[in-house]
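Participant: Got a sequence here, can you model it:
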Amino acid sequence: MAVSKERKAELVKQFGKNEKDSGATEVQIAVLTEEINNLTEHLKKNIHDYHSKRGLQMMVGKRTSLLSYLKKTNVVSYRNTIKALGLRK
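Facilitator: The predicted structure follows:
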């Protein structure tokens, strides 16, 4: 369910300023989106996995908070990020 090291490195390279910029808001949103997508697929198969469902809800809340922070601080980056990830807002 966790994002692999290779996939995480790709996301950091795509959304960060350099290969080691894993703390940027855009990178955190991208990694959370990848984890949310993986966990959603897991929950489609395992309907009664309530602990994972709670984890999914917490991740979605965290991503929402990060998106609102990014929208307040850098609108252009916010628009580019949601467009690249295919999120709706």
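Participant: Okay, now the unreliable bits of the protein?
Facilitator: For the chain, the stretches with pLDDT under 70 are 1.
Participant: elements contacting the longest helix along it?
Facilitator: In the chain, taking DSSP state H as the definition, the longest helix is helix 50-73. When contacts are defined as 3 or more Cβ pairs under 8 Å, 6 or more residues apart in numbering; DSSP states H and E, helix 50-73 packs onto helix 25-45, helix 75-85. From N, CA and C alone the C-beta is placed, and that goes for glycine too.
Participant: Show me what the first one packs onto, helices and strands only.
Facilitator: Going back to what we said before, that points to helix 25-45. Judged by 3+ Cβ pairs under 8 Å, 6+ apart, helix 25-45 is in contact with helix 5-15, helix 50-73, helix 75-85.
Participant: can you check the last one too?
Facilitator: Under the contact criterion of 3+ Cβ pairs under 8 Å, 6+ apart, helix 75-85 touches helix 5-15, helix 25-45, helix 50-73.
Participant: try 6 Å
Facilitator: helix 25-45 (3 or more Cβ pairs under 6 Å, 6 or more residues apart in numbering; DSSP states H and E).
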